[in-house]
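Q: fold the following and give me the result.
(one chain, ligands or ions: 1)
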Amino acid sequence: MSGFNELVYDGVPFIQKSHIELARLTQSLTWPRIILLVTTYTILYTLTLAIYRLFLSPLASFPGPFLAKITHWYEFYYNVVHAGKYYEKIRELHDKYGPVVRVTPDEIHINEPSAYNDIFVVGATRKTNAYPRFSNGTGFEDMTAISTSHDAHRRLRVPLDKLFVRNSILRIESRVADRVARLCDRLSSYQETGEVVNLTNALSSLTTDIISSVIFEEPSDYLGDPDFNSEWYETLKQGGRNVFVFKHLPWIIGALGKPLIRYFVTHVTRWTIWDEKARREVLLIRKRPSDGSKTREKTTVLDHLVHSDLVEKEFGSGGFPRLAQLIQQAGAHNVSHTLGTMVTYLLMSPEKLRPLQKELELIWSEYDGKSTAPSWIELEKAPYLSAVVAEGLRMAIGGMNRTPRVFPNDEIKICGWLIPRGEC
Ligand code: HEM
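A: Prediction:
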């Protein structure tokens, strides 16, 4: 019979010998020695990493502040200690270093509008990966529906695209109009009451209910809530602040806070309501014949996806609730923020609001006495309204988080700098 027990070293069986060595080593490991060892290791590791990032990294030659080049704590300081202010610091860095700046050890930031079309390209031009620091590594990958690789993203994006093209949106116009009418009724009810309405929450409730009606057969009714769900939006706002912490310290959150945060997310917030709803609707839709469900009057995003196994192949058995949540979140907040930006600036500048009111009054006057209201096809021809929408989209930024790109197969030249493949 062979085995470790048969190995003999210096007259003593090997296993026994190694136990003796281990015991000697353990005895010699006093607390001061452990602290010294850990400190020496940490210093050596940090120094080696800093030297690599400064001189050997593929991004070593790019300009930027010393600290941003060697550590992510530089970004942490501006984003966590100063609550999301790194974007302001980045603007200052561009003033100092030019249009291309290394803003973290792994990322280049470009401030040159003409480079936009070189960076944000379609798949036919070149493959683009998303940068994983946003959600990957946090341990919460199974709660989001974010694909980081070009191919996975394409697989899911293509069937979703056709659900959001102009014709598909025109088909659901009445769902949008019904909810806008409800918001108007709610706002009118405050007239002359002296009560202050939180318009951010009111607009968020509007967009949540709209996108919810696109995804679910049983849409949400946030517009029916007496204070437009202010508690929920406060929870989301607080959660949003933590995105920067998640991004910087995924391992700490994974180790210490994951069970707690997971408990909070699934039990305290409304995540579970959406989850349960998506699961229930998926079961319902699966019982219907697939052709009929896509042409129904009340057809939803889930109707179009449930009969294919694509979503569950990408994201596992909880794929539908995760995808539904992603679309719900993405479709609600950017839109309400854009609407809020437009309303705020219009209210602050009556000379810009007045021409819009005049234009809309003229269009509506043609419908006096009729039971219908102008359709979007008519409204989009109104030049001042279109300009307001375009300006609102320009001014309201999409999100407070950078959405970097990585080109896995190609290096590209931007503003005279050659950005190595696989870097961002
Ligand atoms: C004012 C309206 C909107 C703005 C300003 C806006 C802005 C953005 C931005 C900046 C991104 C990140 C793009 C990137 O990094 O590539 C994004 C992605 C996304 N948005 Fe919107 N969005 C709006 C409306 C919507 C609506 C109505 C929906 C849902 C139906 C939606 C769903 C999504 C989804 C699913 C993604 C991820 C797309 C992907 O990874 O391919 N957005 N949006």
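
Q: can you say which helix or strand has the residue of the stretch 51-200 of the chain found nearest the ligand in it?
A: Nearest residue of the stretch 51-200 of the chain to the ligand: Arg157, at 5.1 Å (C-beta to the nearest ligand atom). C-beta here means a position set from N, CA and C on the backbone, and glycine is covered the same way. Assigned by DSSP states H and E, Arg157 falls within helix 150-161.

Q: gap between that helix and the chain center?
A: Relative to its chain's centre, helix 150-161 lies at 16 Å (C-alpha atoms, centre = their mean, to the nearest Å).

Q: just stretch 72-92 next, same as before
A: Worked out by C-alpha atoms, centre = their mean, stretch 72-92 lies 18 Å from the chain centre.

Q: that stretch near the ligand at all?
A: No. Using C-beta under 6 Å from any ligand atom, stretch 72-92 never reaches the ligand; the gap is at least 13.6 Å.

Q: count of neighbours near Tyr52?
A: Using other C-beta atoms under 10 Å, Tyr52 has 13 other residues around it.

Q: which residues of the chain lie near the ligand?
A: The interface of the chain toward the ligand, taken as C-beta under 6 Å from any ligand atom, is made up of 157, 164, 211, 326-327, 330-331, 334-335, 338, 393, 398-399, 403.

Q: ranking by neighbours, what's the top pick from those?
A: Among the residues of the chain next to the ligand, Ile211 has the most neighbours (other C-beta under 10 Å), with 25 neighbours.

Q: could you point out which element follows the longest helix along the chain?
A: The residue-count maximum for a helix in the chain (DSSP state H) belongs to helix 319-348. Moving toward the C-terminus from helix 319-348, the next helix or strand (DSSP H and E) is helix 350-365.

Q: what is that next one packed up against?
A: In terms of contacts (3 or more C-beta pairs under 8 Å, 6 or more residues apart in numbering; DSSP states H and E), helix 350-365 is packed against helix 319-348, helix 383-395.

Q: what does the strand or helix carrying Leu47 contact?
A: Under the criterion of DSSP H and E, Leu47 resides in helix 31-51. For helix 31-51, contacts defined as C-beta atoms under 8 Å, 6 or more residues apart in numbering pick out 70-71.

Q: repeat for stretch 118-132
A: Contact partners of stretch 118-132, identified using C-beta under 8 Å, 6+ apart, comprise 107, 110, 146-151, 153-154, 403-410, 412, 414, 424.

Q: again, only this time at 10 Å
A: Contacts with stretch 118-132, where a contact means C-beta atoms under 10 Å, 6 or more residues apart in numbering, come from 106-107, 110, 112, 117, 136, 138, 141, 146-154, 157-158, 250, 402-410, 412-415, 419, 421-422, 424.

Q: repeat for stretch 417-424
A: 57-59, 61-63, 98-100, 102, 104, 106-110, 115, 118-119, 126-131, 133, 402, 404-413.

Q: so which of those sit within strands?
A: Counting by DSSP state E, those place 100, 102, 104, 107-110, 129-130, 405-406, 412-413 in strands.

Q: how deep is the residue lying closest to Glu380 once chain neighbours are set aside tucked in, by neighbour count?
A: Spatial nearest neighbour of Glu380, excluding adjacent residues (C-beta to C-beta, 6 or more residues apart in numbering): Ser386 at 6.3 Å. Ser386 has 12 neighbouring residues, counting by other C-beta under 10 Å.

Q: cool, Val406 as well?
A: For Val406, the neighbour count with other C-beta under 10 Å is 20.

Q: the one 5 residues further on now?
A: Other residues lying near Glu411 total 12 when counted by other C-beta under 10 Å.

Q: do the same with Ala152
A: Residues lying near Ala152 (other C-beta under 10 Å) number 16.

Q: what residues sit buried inside stretch 77-88?
A: Within stretch 77-88, the residues scored as buried using 16 or more other C-beta atoms under 10 Å are 77-80, 86.

Q: likewise stretch 408-424?
A: Buried residues in stretch 408-424, counted by 16+ other C-beta under 10 Å: 412, 414, 417, 419-420, 423-424.

Q: among these, which one lies nearest to the ligand?
A: Closest approach to the ligand among the buried residues of stretch 408-424 (C-beta to the nearest ligand atom): Cys424, at 12.0 Å.

Q: just the local confidence number for that closest one, please.
A: pLDDT recorded at Cys424 is 64.

Q: got it, and Phe134?
A: 52.

Q: do Gly98 as well
A: Predicted confidence (pLDDT) for Gly98: 97.

Q: if I look at it, how far off is Glu423?
A: To Glu423, Gly98 is 18 Å away according to C-beta to C-beta, to the nearest Å.

Q: cool, and Trp364?
A: When distance is defined by C-beta to C-beta, Trp364 is 53 Å away from Glu423.

Q: residue in the protein with the shortest distance to the ligand?
A: Residue of the chain nearest the ligand, by C-beta to the nearest ligand atom: Gly398 (2.4 Å).

Q: is it correct that that residue is in contact with Thr341?
A: No. Contact criterion C-beta atoms under 10 Å: Gly398 and Thr341 do not qualify, at 11.4 Å.

Q: now the buried residues of stretch 408-424 in CSV, with secondary structure?
A: Compiled in CSV, the buried residues of stretch 408-424 are given as follows (DSSP: H, G, I helix; E, B strand; the rest coil):
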residue, secondary structure
Ile412, strand
Ile414, strand
Trp417, strand
Ile419, strand
Pro420, coil
Glu423, coil
Cys424, coil
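
Q: so Glu217 is in which element?
A: Counting by DSSP H and E, Glu217 is part of no helix or strand.

Q: would you confirm that it contacts Val306?
A: No. In this structure Glu217 lies outside contact range of Val306 using C-beta under 10 Å: 11.5 Å.

Q: tell me, what's touching these two both at once?
A: Shared contacts of Glu217 and Val306, counting by C-beta under 10 Å, 6+ apart, come down to 281, 284-285, 293, 300.

Q: from those residues, which is closest to Pro321?
A: Glu281 (9.8 Å; C-beta to C-beta).

Q: so who does that closest one touch?
A: Taking C-beta under 10 Å, 6+ apart as the contact definition, Glu281 lies against 215-218, 300, 302-303, 306, 320-321, 324.

Q: contacting residues for Val306?
A: For Val306, the contact set (C-beta under 10 Å, 6+ apart) comprises 278, 281-286, 288, 290, 293, 300, 312, 320.
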